[in-house]
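Trainee: All I have is the shape, not the residue letters:
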Ligand code: UGA
């Protein structure tokens with residue numbers, strides 16, 4: 001039987017809360033710390049502050065079993081913990097660098113609270129060298145005569161599959177500077193029964209950025225190839241399939257689309273470019289990934305502008321607001337790049353998203369905005385009814401379930417711009433839908449001569 005440890009987790013976002021719950025699930029005794037009293041009360045009642053499949057069940061199960069608790073009282077949580085995992089946010093500053101202020105605050109709280117030897121483990125994504133700074137801060141502010149070391153343990157979970165990704169991670173990376181820290185982390189992670197890669201702290205910090213930025217690069221590369229495919233008449237999905245059989249390339253993250261979003265890839269690509277620059281190095285590959293992604297996000301809008309000329313007075317169906325399915329997160333979502341462009345032109349937007357609507361309302365309240373307006377609807381059909389044009393930004397199952405014939409039946413003009421390559425081109429053509437997607441053979445406009453848009457007609 002492996003030993004059970006007393007673990008404290010600072011921060012209850014995607015990284016902290018999921019880690020805490022999974023540590024409890026494998027038998028450790030966990031206290032999650034957050035500064036927000038309401039959030040803590042919510043969690044005690046088994047409600048997750050983030051939308052994540054399977055998380056609430058595990059929260060309730062482990063809370064009932066007494067293996068996890070939540071508190072704002074960091075002192076009591078940190079004072080006798082064997083290990084304290086830091087999972088607070090590291091947002092991006094305007095210059096692309098990383099805001100470490102939450103990490104610093106938590107570090108000082110740990111320094112003033114610990115009453116026994118313990119390991120501080122940085123899980124948040126932080127620039128190389130941050131663990132050293134955390135250790136120095138601890139030394140500067142520690143009150144009691146105890147041994148406190150710092151180690152790096154980056155997180156690789158993806159939103160929407162966070163619990164699964166943690167319990168079945170491809171690998172666990174631990175970055176330590178002493179045998180004591182390495183042994184303790186190995187023991188904490190033993191019950192997961194997963195491959196553990198043990199490296200130095202700086203290498204561990206770098207592995208996180210190098211992994212995320214490689215994935216971002218892979219996506220931008222496929223988007224670049226997709227744009228070329230369109231020009232030369234190739235199909236990027238077939239190209240990706242053909243590439244995927246080569247094990248050196250692999251089959252994942254080859255989906256061309258409307259650009260990557262979320263709280264990680266955009267931030268982590270900028271951060272690494274910034275870190276490199278600080279050291280006098282220009283990270284050209286990652287910079288290229290950022291450039292391609294920036295243009296990709298509005299590629300459908302630009303295509304539609306060539307076709308429609310302007311959106312003034314058109315009813316525009318927007319299907320999908322979140323940056324990917326399985327999350328209510330809107331951060332760096334393509335919808336946030338496109339909706340303002342459409343509103344600026346006076347479009348009447350009818351938006352559907354299965355879970356992201358409430359968050360979107362905070363940015364774009366329902367009603368008139370500038371020359372246009374936003375209306376939120378409860379199903380894709382309500383967005384499509386009487387629409388002149390439709391944009392698909394997220395590949396939710398609920399959106400994928402819309403049959404090609406429904407676009408033809410419900411829309412005034414069945415004109416669809418799909419940023420996620422959801423549909424078979426032939427099927428859409430057969431259904432009589434004028435369909436544009438990413439990196440796949442374009443439709444011949446001759447085929448759609450029967451489709452007339454009021455606005456297009458007026459300007460032509
Ligand atoms: C990403 C990484 O996948 C995780 O390993 C990492 O732990 C996490 O960042 C983090 O640093 O915390 P996440 O941002 O949740 O996870 O989402 P992904 O599933 O990686 O998707 C990111 C973006 O790439 C989405 O906008 C998605 O639509 C896009 N994407 C993904 C593509 O455009 N094409 C693909 O083939 C795959």
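Mentor: That came through, no problem. Since we're looking at a predicted model, the values are computed, not measured. Numbers count the residues shown, from 1 in each chain.

Trainee: was I right about residue 322 contacting residue 356?
Mentor: Yes: applying CB atoms under 8 Å, one finds residue 322 in contact with residue 356, separated by 3.9 Å. Just so you know, the C-beta spots here come from the backbone N, C-alpha and C atoms, and that holds for glycine as well.

Trainee: Those two - which one has more neighbours?
Mentor: Set side by side, residue 322 and residue 356 show more neighbours around residue 322, with 29 against 25, by other CB atoms under 10 Å.

Trainee: That one belongs to a strand, doesn't it?
Mentor: No: counting by DSSP: H, G, I helix; E, B strand; the rest coil, residue 322 is not part of a strand but coil.

Trainee: Quick one, grab the pLDDT at it.
Mentor: Looking at residue 322, its pLDDT stands at 97.

Trainee: ditto for residue 309
Mentor: Predicted confidence (pLDDT) for residue 309: 75.

Trainee: Any idea how many residues pack against it?
Mentor: Residue neighbour count, defined by other CB under 10 Å, stands at 15 for residue 309.

Trainee: That one and the ligand: what is the separation?
Mentor: 29 Å (CB to the nearest ligand atom, to the nearest Å).

Trainee: Next: residue 351.
Mentor: Distance from residue 351 to the ligand, by CB to the nearest ligand atom: 18 Å.

Trainee: helix/strand/coil for that residue?
Mentor: Following three-state DSSP, residue 351 is assigned to strand.

Trainee: and it, what are its bridge partners?
Mentor: On the basis of DSSP bridges, residue 351 is bridged to residue 318, residue 376.

Trainee: What sits closest to residue 290 if chain neighbours are left out?
Mentor: Of all residues not flanking residue 290 in the chain, residue 269 sits nearest, at 5.1 Å (CB to CB, 6 or more residues apart in numbering).

Trainee: after the helix or strand where the one you found lies comes which helix or strand?
Mentor: According to DSSP states H and E, residue 269 maps onto helix 265-278. Next helix or strand after helix 265-278 toward the C-terminus (DSSP H and E): helix 284-296.

Trainee: For that following helix, what does the pLDDT average out to?
Mentor: For helix 284-296, mean pLDDT rounds to 98.

Trainee: what's the angle between that helix and helix 265-278?
Mentor: Here the directions of helix 284-296 and helix 265-278 differ by 140 degrees (axes from the mean of the first three to the mean of the last three CA atoms, to 10 degrees).

Trainee: Check which helices and strands helix 284-296 is in contact with.
Mentor: The contact analysis (3 or more CB pairs under 8 Å, 6 or more residues apart in numbering; DSSP states H and E) places helix 284-296 against helix 201-232, helix 265-278.

Trainee: anything in it near the ligand?
Mentor: No: on the criterion CB under 6 Å from any ligand atom, helix 284-296 is out of touch with the ligand, staying 8.7 Å away.

Trainee: got it, and stretch 258-273?
Mentor: Yes: for stretch 258-273 and the ligand, the contact criterion (CB under 6 Å from any ligand atom) is met by 260-262, 264-265.

Trainee: gap between that stretch and the chain center?
Mentor: Taking CA atoms, centre = their mean, to the nearest Å, the mean C-alpha location of stretch 258-273 is offset from the chain mean by 9 Å.

Trainee: can you tell me the average pLDDT over that stretch?
Mentor: 96.
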